[in-house]
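> below is the sequence, then the predicted model.
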Amino acid sequence: MKVSIPVPESDLIFLGMPKWTLNCPPVTEFLKKTEMRRRKVVLVITYGGFDEKRYAKDIAAKIYRKGGMVEGTILLRRKEVQSGEFKIFLREWMDNFLDF
C-alpha cells in the first residue's frame, strides 16, 4: 500500500516520532520526500530502551544533509509518556523553545 506524504507548507516543522530501533520507516520516508532546505525542524522523540541520543543525532544528520536545521530536540522516555510526566518536561521545554 502506497502512503501519500503531505508536503508541509511551514518553514518550521515539529517532527514527532518513536524510536523503534535505529530506523522509523515513516519518518525515513518523510525525510526522503520532503524538501528541508532552509527549514527549521524540532524533534520530539519517544523511546523505551536505549541509544536514543544516537538515534536523534542520526535523524538530525539526515535533516542537515538535506539543508535543514534542527532547532531543538526533546527525548521522552516511554514511562514518562505513559505516566503523563512528559507533560511537565514538554511544557517546560516548549516554553523555553517558543519563548512564551
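Looks like it arrived, so ask away. All values reported here derive from a predicted model rather than from experimental measurement.
> where along this structure do the helices fall?
In the chain, helices defined by DSSP state H lie at 25-33, 52-65, 78-83, 86-98, listed in chain order.
> least trustworthy helix or strand in the chain by mean pLDDT?
Sorted by mean pLDDT, DSSP states H and E, the helices and strands of the chain end with helix 86-98, the least confident at a mean of 75.
> thinking again about what came up before, return the most buried member of the helices of the chain.
For the helices of the chain, the largest average neighbour count (mean count of other Cβ atoms under 10 Å) is found in helix 52-65, namely a mean of 16. Placement of C-beta: from N, CA and C, glycine included.
> what packs against it?
On a contact count with 3 or more Cβ pairs under 8 Å, 6 or more residues apart in numbering; DSSP states H and E, helix 52-65 meets helix 25-33, strand 40-47, strand 69-77.
> next, the angle from the last one to helix 86-98.
Direction vectors for strand 69-77 and helix 86-98, defined by axes from the mean of the first three to the mean of the last three Cα atoms, to 10 degrees, enclose an angle of 170 degrees.
> and the second one, by the same measure?
If you take the same axes, to 10 degrees, strand 40-47 sits at 160 degrees to helix 86-98.
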